[in-house]
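Trainee: Got a sequence here, can you build the structure:
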Amino acid sequence: MTRPAQLLLEEPRPATVAGSVFRAACQSAPVSDEALASASGLRPEDIRALEDGSEALASMPLPEVGRLQNLLRQAGADPQLVADIVAAAWCDVVLEAMFNGEDISCLMADPISREAAFGELFLWSLGGQVPARYLPGIPRTSHGRDGRPATPDPSRPATGTSP
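Mentor: Next up is the predicted model:
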């Protein structure tokens, strides 16, 4: 039997939401992947993996995610996009549990699930309702035909944050 969430997303990719949000935040700052990596103690490949969703932000310790958020803010990234990063990571956790057929009631009881940003990002991933703040910042190639965050294509090189 097909689970309802699988009807909406052809191939579930748990880090898709956070990857899209992180990429948008990075693209809103005048900083390269290399500079962000150097300042955060990560490798440029790690930054690109977070941006394309092949590495899940939800798997990083919260202090490291906070450090990335602070670095993006200091670099001049859009504060609203940066603030969405934690909600997006939680969205990926909930989506992964859904796709695995797990009960998500405990996850949805978490206070972050009641935040407006979480709700908007969750609707984006499941229903294709792209929050207005993401329309100008994410290139069309990062959206599927229906407006949802696209699943990363491993055959395409990751795009950096430099113009």
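Trainee: Next up, the contacts around the spatially most central residue of the chain.
Mentor: Closest residue to the average C-alpha location of the chain: residue 18 at 1.4 Å, with C-alpha atoms, centre = their mean. Contact partners of residue 18, counting by C-beta atoms under 8 Å, 6 or more residues apart in numbering, are 50, 53, 56-58, 85, 88-89, 91-92. (C-beta placed from N, C-alpha, C; glycine too.)
Trainee: In a strand, it, correct?
Mentor: No - applying DSSP: H, G, I helix; E, B strand; the rest coil, one finds residue 18 to be helix, outside a strand.
Trainee: Residue 112 against residue 118, yeah?
Mentor: Yes - at 5.7 Å, residue 112 counts as touching residue 118 under the criterion of C-beta atoms under 8 Å.
Trainee: How much space separates residue 121 from residue 31?
Mentor: Note on residue 121: its distance to residue 31, by C-beta to C-beta, to the nearest Å, is 23 Å.
Trainee: Show me what the longest helix anywhere in the chain is packed against.
Mentor: Looking across the chain with DSSP state H, the single longest helix is helix 79-99. Here helix 79-99 touches helix 4-8, helix 16-27, helix 62-74, helix 105-108, helix 116-127, going by 3 or more C-beta pairs under 8 Å, 6 or more residues apart in numbering; DSSP states H and E.
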